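> using only what follows, build the 3D model:
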Amino acid sequence: MLWILLLSLLLLTGLLLASRKWIWWKASLMSLLLVLLSSWWLINKLSGDGLNAATLYHLGADMEGAGVADFKGYIAAYIALLLVSLLPLALVRVQRWRRIEHGKAVFGGFIAMWLVAVLVSPLYSDGQRLYQQTRPVDYSVIAPEYRVPQQALAKPRNIVWIYGESLERTYLDASTFPDLMPNLNRLAGQALDVRGLVSAEGGGWTIAGLVSSMCGVPLTTAKDDENSMGRMGSFLPEAVCLGDYLKQQGYTNHYMGGANGQFAGKGQFLATHGFDAVDDLAWFKQQKVARSHFSPWGVHDDVLLDKAYDRFVQLSKQGQPFMLTTLTMDTHHPAGHLPSACKRTRYQSEYGNIGMLNALKCTDGLISKLVDRIQASPYGDDTLIVIASDHLAMPNDLSHILAKQKRENLLLFLGKDIAPRQLATTAGSTLDSGATLLSLIQPNINAIGFGRSLLDPKRTDSASAAALRDNGKDYPRYLAFSRSLWLGDKTRQLRIDDDNQVVIGLQHVQPPVLLEYDKQFDLKSVYLENTSKQFDLADPANTLAYVDRCTAFEDGSADGDWCAMLVNRDKGIKLYRDDALRDGFAVDGPLEPFSGPRPSIRQAHMITQKGRRTRAGQYMLQFVAKQSPDRGFWIEAVSSQRKVVVAQQWVQPDAEGRISVPFGLDHEVDDLEIRAWLNHAEKLAVDNVALVPSRRGNRG
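The predicted structure follows:
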């Protein structure tokens, strides 16, 4: 397909220059296509699989903690591609080309070729794939396959689960990478070594790998809003994961990882599902670890795994069963990192001095050292050790070699009573890892979530088999079921809790939030970004519930209270105020009729970039609006993490765009912020924001 795409782009260039008829339209469409292709290139470099579920997830999850510095080469190349993408707009000015007169025919040919280019590009195929994965489907037929272990553990065993970042089993192939991982190969010979393990859709990046292996479900975001992660109060609250079950059995669960736990919601997932301690980058900084032991992603693996052993000994001495989980980081794509313990480590190969190979060689030694120390300790016989990749390797400096291999995840189980052998699986994925672990501890437990023990000769097909069968035709049912785990089923009753969060089923969500219900009042979509725009664009046949400050709906609300507006298909409307919203209301209740168009809703737009400490006193807020709405709008000062409105005023800029808002503070405010309330079509751009004391001796 690549050569067809390149040919299409060449033909588009010729048709662009062939006629000046609608030339700006042609240039704009071609530049748009090139920008989209450039963006796809960058996404593919990061994900290794084009535009996929991981892309959507990370767009919505907290990106704090990502090692952006590792990708500066890709980012620079992307910027260059974006500049090239603007060339069609420059070619419009070329005058020396001979142009034919049949402009309409040329334009028609251009549009046809543009569509061909889109259809043969990865944009179309990836879009089709995402649609198939996220389209509404009836998951009731597979819901009975979801299993929650109920049996008690007769003889609990301590568990140490070591996730190796991108550490797929392919690297253990001595014919391709001779002597790269001798220590892990030694351990594989002593372990139950699972072969042929794949990553199903929704399991191919770090947090998804953790969710798949521990919960037995693929990771998908909340319904129809990939930008929801940071404002969801809990992570898959209706899922029962390994940490939840072990907690019920008297275990304590500890996690140690060198990266920022906020990245991709990892810390939130663990805290939601039974982990007593989540020690991440912030914890290591508190331990006064020297700066030389940190990479752009966090603390290096030599420090991490030494601390993990110390924690193992500490927990073992307490005499209570535990699961200790750790996640390495130095083999992160694209080139890996070398910690201080491995500064002299070099892997000699026919491929040359490749940083990722050096990092893998180092990780082989560090992980095996931890395992050997655990096994040699007085507590080794009571411990089951798991060594697993979180997912297959992302694009890195070895991708051209891996592409020629049979790719498989790493999954080793080591323990006193576990006989060494290889376990081949033809329909197994990381979804089955947790269930297999449980069956090693308690043989009559063979499932968790959609995961099935790979040791069970009578195991029934579930998500893993569906992902590999008929090109995954039935797999979207499992993805849809997993989406339902974010909210639960009881979503027709809404209320605001004491923490000013909207309670939707099992989930607590920070407003503003827009909920869209279908004709049967089943929750269809949850919108947490661009909510006022989504309200205007929503299907008028559905019922909408919008929760925000009352200022979003009314001109005279200056108290900062919460309101909810309910609008249905029959042009019924009702505004629930703070008291009623705290008591809760049903979205399928009766509404009052209204005439005319659906009301437009305002949304808060921040004017100040961050909150500032401001002392008590009288102030004048002054700024100049370079661009402002044609009509008046609300400006307000907000304190205490935007929970208290200090002052609010309806303003209209003068001819020069100047705005002045007087207000007073009767106490010091730690985080004073200034915001405007506008509908989604209105714009406000300001300069020179100043908070001026209106009396001598007053300071902000």
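> can you map out the strands along the stretch 1-150 of the chain?
Counting by DSSP state E, counting those that start in this stretch, the stretch 1-150 of the chain has no strands at all.
> where do the helices of it begin and end?
Assigned by DSSP state H, counting those that start in this stretch, the stretch 1-150 of the chain shows helices spanning 2-18, 23-47, 53-60, 72-85, 87-91, 103-120, 122-134.
> isn't E673 up against G611?
Yes: here E673 reaches G611: they are 4.9 Å apart, a contact under C-beta atoms under 8 Å. For every residue, glycine as well, the C-beta is placed using N, CA and C.
> which one of these two is surrounded by more residues?
E673 (21 against 18; other C-beta atoms under 10 Å).
> list the buried residues of whichever strand or helix holds the more buried one.
Applying DSSP states H and E as the criterion places E673 in strand 669-678. By neighbour count on 16 or more other C-beta atoms under 10 Å, the buried set for strand 669-678 is V669, L672, E673, I674, R675, A676, W677, L678.
> same question, stretch 440-455
Buried residues in stretch 440-455 (16+ other C-beta under 10 Å): 440-442, 445-455.
> what of stretch 626-644?
Residues S628, P629, F633, W634, I635, E636, A637, V638, S639, R642 are the ones in stretch 626-644 that count as buried (16+ other C-beta under 10 Å).
> least trustworthy helix or strand in this protein by mean pLDDT?
Scoring the helices and strands of the chain by mean pLDDT, DSSP states H and E places helix 53-60 at the bottom, with a mean of 52.
> bridging residues for C563?
Here C563 sits in beta bridges with D548, going by DSSP bridges.
> can you tell me how far it is from K21?
Distance, C563 to K21, using C-beta to C-beta, to the nearest Å: 53 Å.
> those two - which one has more neighbours?
More crowded of C563 and K21, by other C-beta under 10 Å: C563, with 22 against 17.
> what about the spatially closest residue to S600 that is not a sequence neighbour, neighbour count?
Using C-beta to C-beta, 6 or more residues apart in numbering and skipping the chain neighbours, the partner closest in space to S600 is N679 (4.9 Å). By the other C-beta under 10 Å criterion, the neighbourhood of N679 contains 17 residues.
> tell me the pLDDT at N679?
pLDDT, N679: 89.
> again, but for D306
96.
> which helix or strand contains it?
Going by DSSP H and E, D306 is in helix 301-318.
> so which other helices or strands are in contact with that helix?
strand 158-164, strand 252-257, helix 281-286, strand 322-327, helix 355-376 (3 or more C-beta pairs under 8 Å, 6 or more residues apart in numbering; DSSP states H and E).
> what about 7 Å?
Counting by 3 or more C-beta pairs under 7 Å, 6 or more residues apart in numbering; DSSP states H and E, the packing neighbours recorded for helix 301-318 are strand 252-257, strand 322-327, helix 355-376.
> quick check: which ranges of the stretch 151-300 of the chain have low pLDDT?
221-231 (pLDDT under 70).
> what about the helices in it?
182-189, 206-215, 242-248, 266-272, 281-286.
> next, the angle from the first one to helix 355-376.
Using axes from the mean of the first three to the mean of the last three C-alpha atoms, to 10 degrees, the inter-axis angle of helix 182-189 relative to helix 355-376 is 50 degrees.
> quick one: residues in contact with helix 182-189.
Outside helix 182-189, the residues that touch it by C-beta atoms under 7 Å, 6 or more residues apart in numbering are L172, A174, D364, G365, I367, S368, V371, I387, L412, L414, P420.
> over to the last one?
With contact meaning C-beta under 7 Å, 6+ apart, helix 281-286 is reached by G65, G258, A259, N260, G298, V299.
> return the set of buried residues in that helix.
L281, W283, F284.
> can I get the CA coordinates of that helix in PDB?
The C-alpha trace of helix 281-286 is given here as PDB (Å, rounded to 0.1, in the frame of the first residue of the first chain):
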ATOM      1  CA  LEU A 281       9.400   8.200  42.000                       C
ATOM      2  CA  ALA A 282       8.200  10.600  44.800                       C
ATOM      3  CA  TRP A 283       9.100   7.900  47.400                       C
ATOM      4  CA  PHE A 284      12.600   7.400  46.000                       C
ATOM      5  CA  LYS A 285      13.200  11.200  46.000                       C
ATOM      6  CA  GLN A 286      12.200  11.200  49.700                       C
END
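> what's in contact with the strand holding E673?
551-552, 602-608, 611-614, 621, 629, 633-642, 646, 684, 689.
> inside helices: which ones of those residues?
Among the contacts of strand 669-678, DSSP state H puts none in helices.
> show me those residues that map onto strands.
Among the contacts of strand 669-678, the ones falling in strands (DSSP state E) are 603-606, 612-614, 621, 633-639, 646, 689.
> so where is the stretch 601-700 of the chain shaky, pLDDT-wise?
In the stretch 601-700 of the chain (pLDDT under 70), the answer is 640-643, 695-700.
> and the closest residue to L86 other than its chain neighbours, how far from L89?
Spatial nearest neighbour of L86, excluding adjacent residues (C-beta to C-beta, 6+ apart): S31 at 5.8 Å. As for S31, its distance to L89 is 6 Å (criterion: C-beta to C-beta).
> those two: who's more crowded?
Counting neighbours by other C-beta under 10 Å for S31 and for L89 shows that S31 has the greater number, 19 against 14.
> what about that one, distance to L81?
Counting by C-beta to C-beta, the gap from S31 to L81 is 12 Å.
> then W22?
From W22 to L81 the distance is 26 Å (C-beta to C-beta).
> what does Q128 give?
Distance check for Q128 against L81: by C-beta to C-beta, it reads 24 Å.
> more neighbours: which of those two?
L81 (16 against 10).
> let me know the secondary structure of Y546.
strand (DSSP: H, G, I helix; E, B strand; the rest coil).
> list the contacts of it.
L514, T531, F535, A564, M565, I601.
> buried among the residues you listed? Need that as a selection in PyMOL.
Those of the contacts of Y546 that count as buried under 16+ other C-beta under 10 Å are selected in PyMOL with:
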select buried, resi 514+531+535+564+565+601
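> check what pLDDT C362 gets.
pLDDT at C362 comes out at 96.
> re earlier: contacting residues for the residue nearest to S600?
For N679, the contacting residues are S532, S600, I601, R602, by C-beta under 7 Å, 6+ apart.
> turn these into TSV, including distance to I159.
Shown next, in TSV, are the contacts of N679 (distance: C-beta to C-beta, whole Å):
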residue	distance to I159
S532	48
S600	55
I601	50
R602	52
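> closest to P178 among those residues?
Lowest distance from P178 to those (C-beta to C-beta) belongs to S532, with 60.4 Å.
> doesn't that closest one belong to a helix?
Yes: S532 sits within a helix when classified using three-state DSSP.
> kindly state the pLDDT recorded for the spatially closest residue to R147 that is not a sequence neighbour?
Spatial nearest neighbour of R147, excluding adjacent residues (C-beta to C-beta, 6+ apart): A447 at 3.9 Å. On pLDDT, A447 comes in at 97.
> A447 and A435 touch, don't they?
Yes: the pair A447 / A435 is scored as a contact, 5.2 Å apart, by C-beta atoms under 7 Å.
> which residues do those two both contact?
Between them, A447 and A435 share the contacting residues S453, judged by C-beta under 7 Å, 6+ apart.
> hmm, back to that, just curious, which of the buried residues of strand 669-678 is nearest to G274?
E673 (36.2 Å).
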